[in-house]
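Asks: structure of the sequence below:
(one chain, ligands or ions: 1)
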Amino acid sequence: MTLSPLEAMKLAIEEGKKGAGFVSPNPLVGAVILDRHYNLVGLGHHQRVGHAHAEVNALKEIENPGHLDGAHVFVTLEPCAHEGRTPSCAKTLAELPIASVTYGLKDPNPLVAGKGAQILREAGKTVALFTDLQDELEELSEIFLMNMRFKRPFVAVKVASSLDGRIALGTGESQWITNEESRAHVQYLRGCYDAVLTGAGTFLRDDPRLNSRDAHFTGKNQRVVLLDPSGKSFAKLEKSQLWSVRKPEDIFVITGPLGLDAPEGISHVEIPDADGAFEMTALMEALMEAEIHSLFVEAGAYTVSSFLKARLVDRLYLFQAPKILGEGMSWTSGFTLSSIQQAPILRHPRLENFGDDFLVTGRLH
Ligand SMILES: NC(=O)c1ccc[n+]([C@@H]2O[C@H](COP(=O)([O-])OP(=O)(O)OC[C@H]3O[C@@H](n4cnc5c(N)ncnc54)[C@H](OP(=O)(O)O)[C@@H]3O)[C@@H](O)[C@H]2O)c1
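Replies: As a prediction, the model looks like this:
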């Protein structure tokens, strides 16, 4: 199969997505190798943190070493220059008889930025930064880029709402607003992030499991973060479903400075609060320290609004069922603006269908 450079980079992006949920804190990366006649000869992605990088996995696919003579490598992120848990990809590629390396994004890691490209240029390879598909490339690496640029976890918020934006009836009932297909996709999305986060309100009302039951993530540590300023979950935690499906140390309960004894074995983190509302910067720092680099927020309006107010929502997954629920909880109640100009805007929105439900997803700025 012959591919154009654009097709090769698109394929590398799709390939990179396959590592979702397993590579943290590394980026998702995909690589494609074309022989000198632009025939596809290698395809690979970074599968797991600590394991081989995408370029190396693509090289492993090449059965005939002659295919590397004058070959063209397309990779979504600049090949790494440094020796970490794995050898430098730039050095590995530099030693091969390939002709060119085209990469999608410059690595924002100061240890690497520009250095991978330099190693390859010094070895006589043609090196180019791809100028097309920048939105798709940024999206593939969005968690890593956020971690590197702003030193905080990437925050994705999932909402299951009615057409009129309700996430629960006035009675608190919310199961189920969306259909089984939407909920199956949520199972997949939970696995793509380092932890699912919820608020004390949802924990006490719904007793949710919040783990991914998607077979793709079997065996993955299922971390959950519970925002509970006054520690009212402590008495119920050991009998909860959160507890029944994961190890206690994978339950992170964030409270204010209480001086209370938490249930044994859980990860209890105390952070500053003012009148029960957490200092959101302190929350982000505590989560990074706990090696939670990305969050999938599934919570009620209070929690979602506290992230919106702090402008900490990076990606929205808004599932909408074709139902009207009338009076009830809106997913943004608690979030107010004084002018339309301040409204967060969904960038690069995509619409998908799950049966009769819709999913709108995009980046929030
Ligand atoms: N359809 C959906 O997508 C969906 C998803 C999840 C939940 N729900 C529904 O939402 C309802 C619950 O909503 P809710 O707003 O009451 O609960 P919630 O947002 O899940 O939890 C709110 C509580 O969490 C704590 N909390 C959250 N963010 C905080 C922050 N930034 N600082 C300090 N504390 C924070 C506070 O605990 P304290 O009260 O101790 O101060 C707060 O009252 C339920 O009916 C549930 O079924 C719907």
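Asks: ok, now which ones touch the residue lying closest to K151 once chain neighbours are set aside?
Replies: Distances taken as C-beta to C-beta, 6 or more residues apart in numbering place M288 nearest to K151, at 6.7 Å, with adjacent residues excluded. Heads up, the C-betas are built off the backbone N, CA and C, glycines and all. For M288, the contact set (C-beta atoms under 8 Å, 6 or more residues apart in numbering) comprises N147, K151, R152, P153.
Asks: by neighbours, which of those wins?
Replies: The residue in these with the most neighbours, by other C-beta atoms under 10 Å, is P153 (29 neighbours).
Asks: report pLDDT for it.
Replies: Predicted confidence (pLDDT) for P153: 98.
Asks: how near is it to A286?
Replies: Here P153 is placed at a distance of 10 Å from A286 (C-beta to C-beta, to the nearest Å).
Asks: interface residues of the stretch 101-250 of the chain facing the ligand?
Replies: Proximity of the stretch 101-250 of the chain to the ligand, by C-beta under 6 Å from any ligand atom, involves residues 159-160, 167-168, 172, 174, 177, 198-202, 205-206, 227-230, 232.
Asks: go again using 5 Å as the cut-off
Replies: Applying C-beta under 5 Å from any ligand atom, one finds that the stretch 101-250 of the chain approaches the ligand through 159-160, 167-168, 172, 174, 199-202, 205-206, 227, 229-230.
Asks: look up how far H293 lies from the residue in the chain sticking out farthest from the centre.
Replies: Centroid-distance maximum for the chain: G66 at 37.9 Å, with C-alpha atoms, centre = their mean. Note on G66: its distance to H293, by C-beta to C-beta, is 41 Å.
Asks: ok, now I177?
Replies: To H293, I177 is 29 Å away according to C-beta to C-beta.
Asks: just to revisit the earlier point, next, give phi and psi for the residue farthest from the centre of the chain.
Replies: Backbone torsions for G66, taken as degrees, to the nearest 10, come to phi -60, psi -20.
Asks: could you dump the contacts of M288 into a markdown table with distance to W243 and secondary structure added?
Replies: Formatted as a markdown table, those follow (distance: C-beta to C-beta, whole Å; DSSP: H, G, I helix; E, B strand; the rest coil):
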| residue | distance to W243 | secondary structure |
| --- | --- | --- |
| N147 | 29 | helix |
| K151 | 31 | coil |
| R152 | 28 | coil |
| P153 | 23 | coil |
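Asks: widest-spaced pair of those residues?
Replies: Across these, the longest distance by C-beta to C-beta is 9.5 Å; it joins K151 and P153.
Asks: which parts of the stretch 151-300 of the chain are strands?
Replies: For the stretch 151-300 of the chain, strands defined by DSSP state E, counting those that start in this stretch occupy the ranges 154-161, 166-169, 195-199, 223-227, 251-255, 267-270, 273-274, 277-278, 294-297.
Asks: so which of the residues of the stretch 101-250 of the chain next to the ligand comes closest to N221?
Replies: L227 (19.9 Å).
Asks: for the closest one, give me the pLDDT.
Replies: L227 carries a pLDDT value of 98.
Asks: worst-scoring helix or strand of this protein, pLDDT-wise?
Replies: When the helices and strands of the chain are compared on mean pLDDT, DSSP states H and E, strand 273-274 comes out lowest with a mean of 92.
Asks: and it, which strands flank it?
Replies: The pairing partners recorded for strand 273-274 under DSSP bridges are strand 277-278 (antiparallel).
Asks: any idea how far the strand it pairs with is from the chain center?
Replies: Its chain's C-alpha centre lies 24 Å from the corresponding centre of strand 277-278 when counted by C-alpha atoms, centre = their mean, to the nearest Å.
Asks: now tell me what touches the helix or strand containing V127 from outside.
Replies: Taking DSSP states H and E as the criterion, V127 maps to strand 126-129. Residues outside strand 126-129 that contact it (C-beta under 8 Å, 6+ apart) are E78, A99, S100, V101, T102, Y103, G104, L105, K106, A117, L120, R121.
Asks: ChimeraX command to pick out the buried ones of those?
Replies: Filtering the contacts of strand 126-129 down to the buried ones (16 or more other C-beta atoms under 10 Å) takes a single ChimeraX command:
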select :78,99,100,101,102,103,104,105,117,120
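Asks: and stretch 229-240, how far from the chain's centre?
Replies: Averaging C-alpha positions (C-alpha atoms, centre = their mean) puts stretch 229-240 27 Å from its chain's average.
Asks: do stretch 332-345 as well
Replies: Mean-position distance between stretch 332-345 and its chain equals 25 Å (C-alpha atoms, centre = their mean).
Asks: give me the contacts around it.
Replies: For stretch 332-345, contacts defined as C-beta under 8 Å, 6+ apart pick out G165, A301, Y302, V304, S305, S306, L308, K309, R311, V313, L364, H365.
Asks: same question for stretch 291-299.
Replies: By C-beta under 8 Å, 6+ apart, the residues outside stretch 291-299 that reach it are 24-25, 143, 147, 153-158, 186, 189-190, 192-199, 201-202, 208, 210, 223, 225, 227, 252, 287, 303-304, 307, 313.
Asks: just give me the neighbour total for the residue of the chain found nearest the ligand.
Replies: Relative to the ligand, the nearest point of the chain is G300 (1.7 Å; C-beta to the nearest ligand atom). Other residues within reach of G300 by the criterion other C-beta under 10 Å amount to 23.
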